[in-house]
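[1] here are the coordinates; sequence isn't available:
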């Protein structure tokens with residue numbers, strides 16, 4: 001199994017996704033709010049992938065992305081917010 005976490009963005013919005021063997025299995029979208037914030041607005045995981053930790057992996061990648069750019073994250077998406085709620089070590093970017 002070849003699992004890849006991708007990031008794709010332009011000057012207004014972007015996404016983090018997990019591709020397994022060439023197929024996108026999970027996606028988290030965000031929009032930029034100015035130069036110093038990103039808002040995670042939606043997360044979806046394909047059926048059959050529950051319990052694989054994809055939400056957490058994408059949030060971890062979002063945290064790394066925010067730290068690299070000195071940004072804060074606003075998790076409007078309930079899935080992303082629940083990951084932050086369960087993992088205090090990720091909250092430095094909130």
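    All right, it came through fine. Source: prediction; values computed, not measured. Numbers count the residues shown, from 1 in each chain.
[2] burial count for residue 55?
    Using other Cβ atoms under 10 Å, the number of residues around residue 55 comes to 22. Placement of C-beta: from N, CA and C, glycine included.
[3] now the lengthiest helix in the chain: buried residues?
    Selection of the longest helix in the chain by residue count, based on DSSP state H, yields helix 54-68. Neighbour-count burial for helix 54-68 flags 54-63, 65-66 (criterion: 16 or more other Cβ atoms under 10 Å).
[4] could you list the low-pLDDT ranges of the protein?
    For the chain, no stretch is flagged by pLDDT under 70.
[5] now do the helices in it.
    54-68, 78-86.
[6] distance to residue 26 added to those helices, as CSV?
    Shown next, in CSV, are these (distance: least, Cβ to Cβ, whole Å):
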stretch, distance to residue 26
helix 54-68, 4
helix 78-86, 10
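[7] check contacts around residue 77.
    28, 40-43 (Cβ atoms under 8 Å, 6 or more residues apart in numbering).
[8] if we can go back for a sec, which residues touch the longest helix of the chain?
    5, 7, 16-18, 25-28, 30, 38, 40, 43, 45, 71-73, 75, 79-80, 82-84, 87, 90, 92-93.
[9] which residues touch the closest residue to residue 9 other than its chain neighbours?
    The shortest distance from residue 9 to any non-neighbouring residue, by Cβ to Cβ, 6 or more residues apart in numbering, is to residue 15 (7.3 Å). By Cβ under 8 Å, 6+ apart, the residues touching residue 15 are 6-9, 27-30.
[10] out of the buried residues of helix 54-68, which is nearest to residue 34?
    Of all the buried residues of helix 54-68, residue 34 sits closest to residue 66, with 13.1 Å by Cβ to Cβ.
[11] I'd like the distance between that closest one and residue 59.
    Here residue 66 is placed at a distance of 10 Å from residue 59 (Cβ to Cβ, to the nearest Å).
[12] also residue 39?
    13 Å.
[13] just residue 24 next, same as before
    In terms of Cβ to Cβ, residue 24 sits 17 Å off from residue 59.
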